[in-house]
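Colleague: Have a look at this prediction, sequence included:
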Amino acid sequence: MMTIQQPDGGAGTHPGIARLALDVYLPHLDRFFDYSIPDRLAQQVQLGCRVRARIAGRMANGFVVGLPARAEVDKLSPLDRVISPEPVLLAQQVPLLRAVADHYAGTFADVMRLAVPPRHAATEAAEQNPWPAPDARDVPGGGLTEVDDGRRFLDAVGQSRPVRAHWCALPRWRSDESGLDDWTRGFVQAVGAAVGAGHGALVIVPDVDRVRRMRDVLRAVLGPGCVAELHSELGPAARYRNYLAVSRGQARVLVGTRGASYAPVHDLGVICLWDDGDDLLSEPRAPYPHARDVAALRATQESCALLFGSYARTAEMQAWVSTGWLVPLGLAPARTRRLAPPVRAAVDSDIDLQRDPMAAAARVPKEAFETIRTGLLSGPVLVQVPRAGYLVALSCQRCRTPVRCPTCGGPVGADRLGAGQRRLTCRWCGRSLNNWSCPVCGSRELRAPVVGSQRTAEELGRAFPSFRLVSSSAQKVVDQVGTTPALVVATPGAEPRPEAGYSAAVLLDAGLMLTRADLRAAEESYRRWLTVVSLVRSGDHGGTVSVVGPAEERTVQALVRLDPAGFAERELSDRQAAGFPPAVRMVAVEADEKTLADFRSVVEWPSDAQELGPVPIADSTPGSTEQLWRLMVRIDRTMGGELIVAARRALSIRSARKRPGAVRVRVDPIELF
DNA sequence: AGCACGCCGACT
DNA sequence: GTCGGCGTGCTC
């Protein structure tokens, strides 16, 4: 190796160099910058510490990501100050933040802001509480030990092997005194295996409620006080305190919401992520990363085990399973059916024909009515009704097939032209559809969207006047119900947790849920339904579930069969055929009309990319007056990287040229409509 | 030739 | 937002 003579500074000391990641959100300045370290700061500068420096004509905060021997350029500006010597952006996080930024066509600074919580000086100065080391003594049974290959997976985690799996958890209420969900058992088993091998562990869940539940289970098993939590409801001090416990290597087990995916748990043995289909795991701030992808990137980079778990399986998980990147864990449907509550389909078109006047008055098929009546004899009964007021997709009147654009396969909406006239246009490419006819059954009639489940709930309450009626929805969520019989009506996601499981559940208006205006409507409905099933006692403890809707529909069928893997396979192959994510990589570009035109004049998409639109869209950000337009671009998944690089390059060029107007780029947007 | 000014691009 | 490099064009 060649030795390069460094110019000697005369006194024999060289000014140190600090390589910084700065809070600069301009895409064309998305890289590290070197600064000289003035003598007065030399003692404080640490790798990973928070600093301030002048860049691009203003001061910016940032972190030290390197202390190189030589700078990339000759003339260096000096660091302005060291905000704190505490290392908070650790070396292991740097490639992760870079990879996430690159995957989402975003900047390092954008992701850095999501990863490191704001500093809380008093907390940093305070004496650190002792964090006992975790001790996996009494790991509960059930969970992963009950499914095929589950034990092998746990053994591999215990041997520090970077195994990866998707686990379909058993959807039923576990009727033992512990009250633990099956999935929390499986997760604590995986964490226990990693901890037993001397590693740290990270558990990501969609919301704070589940953070607390998972935290309590982990503490009960691994010892009190050894588990840290990270989520937005903590407040600045607790949030920073817990982050420091992790970054200082004190807390070895962390459970948190999506932001915790980046937390610098030392020597990770396993990452567990629950319910990737929950849209709370998708970050609403730029560059809109999904915790599922962050976890996947991180597990690869840090060579740790990865466990995804959910009741239903998303098409994204299925795509990874189908390539062998993830091992599928679970039970064959026949075995699941023996352990879970039985699910039966009741057809809602029979309502008007039925004899039972009470059932008819409540607008519920007789079988579902009987499910409720019988269930109320032994405990609370859950009735899930679709949320009122969501957009309904246009579908065929006869066979309910959703209307899709014949050119690009995108979703179709109806624009009112006045005088009762309406025009069908594609929401992606903007083309008008003339003389639509259903490609499946040939019908020319469109289904008129109907809503009105809330009324059904009220009528149900009147049909069972002697029972307590509990109503839970997004406006007023009821957390828990007891063991006494009660009729519990809830919208998806607002189901109260039963103390000892529901004795029965009824899923109303399945057809309505399936026609929601989103290409993921079937997958999302299936996920919501299995969540309800998971709250119901198993068949041998008297639990039953009725789904009211089109019994022949394949999502309803997959529910009756309790076959999430089979459903996911079908869903993925449908998306492959239709050209939807995850079979393709999709990029949505949103801006006002002029800005979007400017972006398009700059961007050079790969030749295989297909541009759809632009089309005007309803503005989701309140307060803005400008009409937003959206361009969709898609490409085969294998060329997804080139698509993202092209978008990213265009953003850089626009920011370097100081072009006015904001452009929002989303890679694989979570809502597809 | 030498300097002032202004534009444009880079920003350590 | 600010700085500096470079080209233009004016002046000595």
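Modeller: That came through fine. Numbering: from 1, shown residues only, chains lettered A, B, ... in the order given.

Colleague: now the helix or strand hosting residue A:189, how far from the centre of its chain.
Modeller: Counting by DSSP states H and E, the element that carries residue A:189 is helix A:182-196. Taking CA atoms, centre = their mean, to the nearest Å, one finds helix A:182-196 lying 21 Å from the centre of the chain it belongs to.

Colleague: do the same with stretch A:171-180
Modeller: 25 Å.

Colleague: tell me the mean pLDDT for that stretch?
Modeller: For stretch A:171-180, mean pLDDT is 86.

Colleague: Buried residues, that stretch. List them.
Modeller: Neighbour counts over stretch A:171-180 (16 or more other CB atoms under 10 Å) mark A:171, A:172, A:173, A:174, A:179, A:180 as buried. Placement of C-beta: from N, CA and C, glycine included.

Colleague: Tell me which residues touch the fifth one, please.
Modeller: Put plainly, it is residue A:179. Taking CB atoms under 8 Å, 6 or more residues apart in numbering, we find residue A:179 in contact with A:499, A:500.

Colleague: Closest one to residue A:314 out of the buried residues of stretch A:171-180, please.
Modeller: residue A:171 (15.2 Å; CB to CB).

Colleague: Output the contacting helices and strands for the helix holding residue A:189.
Modeller: In terms of contacts (3 or more CB pairs under 8 Å, 6 or more residues apart in numbering; DSSP states H and E), helix A:182-196 is packed against helix A:150-158, strand A:200-204, helix A:208-222, strand A:268-274, strand A:305-310.

Colleague: Now do the buried residues in that helix.
Modeller: Neighbour count says helix A:182-196 has A:182-196 buried, by 16+ other CB under 10 Å.

Colleague: pLDDT check: weakest of the residues you listed?
Modeller: Across the buried residues of helix A:182-196, the bottom pLDDT score, 92, is held by residue A:182.

Colleague: and the residue sitting nearest the centre point of chain A, what does it touch?
Modeller: Note on chain A: the residue nearest the mean C-alpha position is residue A:281, at 2.7 Å, using CA atoms, centre = their mean. With contacts defined as CB under 8 Å, 6+ apart, the neighbours of residue A:281 are A:204, A:206, A:258, A:273, A:275, A:290, A:291, A:292.

Colleague: at 10 Å what do you get?
Modeller: A:204-207, A:257-258, A:261, A:273-275, A:289-295, A:670 (CB atoms under 10 Å, 6 or more residues apart in numbering).

Colleague: export the helices and strands packed on helix A:182-196 to CSV and tack on distance to residue A:34?
Modeller: Output for the helices and strands packed on helix A:182-196, formatted as CSV (distance: least, CB to CB, whole Å):
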stretch, distance to residue A:34
helix A:150-158, 41
strand A:200-204, 32
helix A:208-222, 39
strand A:268-274, 30
strand A:305-310, 35
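
Colleague: Would you point out which residue of chain A is nearest DNA strand C?
Modeller: residue A:57 (2.4 Å; CB to the nearest atom of the strand).

Colleague: what about the spatially closest residue to residue A:644 that is not a sequence neighbour, which helix or strand?
Modeller: Nearest residue to residue A:644, sequence neighbours excluded (CB to CB, 6 or more residues apart in numbering): residue A:105, at 4.9 Å. Remark: residue A:105 resides in no helix or strand, with elements defined by DSSP H and E.

Colleague: ok, residue A:105 touching residue A:651?
Modeller: Yes: distance between residue A:105 and residue A:651: 6.9 Å, which falls inside the contact criterion (CB atoms under 10 Å).

Colleague: And the contacts of stretch A:79-86?
Modeller: A:16-18, A:20, A:35-38, A:40-46, A:48-55, A:59-64, A:119, A:121, A:124-125, A:240, A:244, A:247-248.

Colleague: Can you give me every residue that contacts residue A:219?
Modeller: A:134, A:188, A:225, A:226, A:227, A:229, A:253, A:255 are the contacts of residue A:219 under CB under 10 Å, 6+ apart.

Colleague: Just the buried subset of those residues, written out for ChimeraX, thanks.
Modeller: What follows is the ChimeraX syntax selecting those of the contacts of residue A:219 that are buried according to 16+ other CB under 10 Å:
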select /A:134,188,226,227,229,253,255
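
Colleague: I'd like the contacts of residue A:219 laid out as JSON lines, including distance to DNA strand C.
Modeller: Output for those, formatted as JSON lines (distance: CB to the nearest atom of the strand, whole Å):
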{"residue": "A:134", "distance to DNA strand C": "49"}
{"residue": "A:188", "distance to DNA strand C": "51"}
{"residue": "A:225", "distance to DNA strand C": "48"}
{"residue": "A:226", "distance to DNA strand C": "48"}
{"residue": "A:227", "distance to DNA strand C": "45"}
{"residue": "A:229", "distance to DNA strand C": "40"}
{"residue": "A:253", "distance to DNA strand C": "44"}
{"residue": "A:255", "distance to DNA strand C": "42"}
